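*Asks:* Give the three-dimensional model of this entry:
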Amino acid sequence: MTKQTPALLIAFGSGILFSIGLIVSQMVNPAKVLNFLDVAGTWDPTLAFVMGGAVAVTLPLFAWVLKRPHPLFAKQFYVPTRKDVDGRLIGGSIIFGIGWGIAGLCPGPAITAAATGLLPVLGFLAAMAAGALLQNWLFTRLGK
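*Replies:* This is a model prediction of the structure:
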């Protein structure tokens with residue numbers, strides 16, 4: 001057992017718990033997500049309760065955890081400090097939203113849904129990986 005083993009086990013357990021939550025809430029079901037996004041048609045508001053529950057748990061616990069001097073298995077917290085809004089952030093948000101609206105999946109649920117082996121999910125993951133590689137290549141080439 002190495003020094004990192006407890007942290008890795010906790011991270012693995014957290015990932016499993018997150019995946020179970022995605023499955024139970026049906027966030028891995030593209031039809032459910034698309035119905036949630038279709039406010040003018042077959043709107044299904046149940047995912048709003050999933051989000052509300054997550055926020056209700058996260059907000060107080062996040063504030064409580066950050067009062068600690070450091071995380072249990074690290075020397076410091078790694079919290080984003082940037083507060084500016086730039087074109088890359090806006091453009092990325094728009095692309096993310098369009099992809100979510102078209103596919104009914106976003107990265108976390110798609111990775112969880114990959115266990116189903118369904119071709120549309122695997123195709124989404126391949127397209128997501130290709131997009132990430134293309135973005136990295138473009139910004140490396142453009143020097144951004």
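*Asks:* Any stretches of this protein with poor pLDDT?
*Replies:* The chain contains residues with pLDDT under 70 at 144.
*Asks:* all helices for it, in order.
*Replies:* Using DSSP state H, the helices of the chain run over residues 5-24, 30-37, 46-65, 87-103, 107-113, 119-142.
*Asks:* winner for burial among the ones you listed?
*Replies:* Highest mean neighbour count of those: helix 107-113, a mean of 20 (counted as mean count of other CB atoms under 10 Å). In short, each C-beta sits where N, CA and C put it, glycine included.
*Asks:* tell me the contacts of the closest residue to residue 46 other than its chain neighbours?
*Replies:* Of all residues not flanking residue 46 in the chain, residue 36 sits nearest, at 7.3 Å (CB to CB, 6 or more residues apart in numbering). If you count contacts by CB atoms under 8 Å, 6 or more residues apart in numbering, residue 36 has them with 43, 44, 45, 46, 47, 48.
*Asks:* Run a quick neighbour tally on the residue nearest to residue 4 when sequence neighbours are not counted.
*Replies:* Take residue 4 and drop its neighbours on the chain: the residue closest to it by CB to CB, 6+ apart is residue 73, 7.8 Å away. For residue 73, the neighbour count with other CB atoms under 10 Å is 12.
*Asks:* now residue 84
*Replies:* By the measure other CB under 10 Å, the count of residues near residue 84 is 5.
*Asks:* Quick check: the spatially most central residue of the chain vs residue 22, distance?
*Replies:* Centroid check for the chain by CA atoms, centre = their mean gives residue 108 as the closest residue, at 4.4 Å. Distance of residue 108 to residue 22, given as CB to CB, to the nearest Å: 6 Å.
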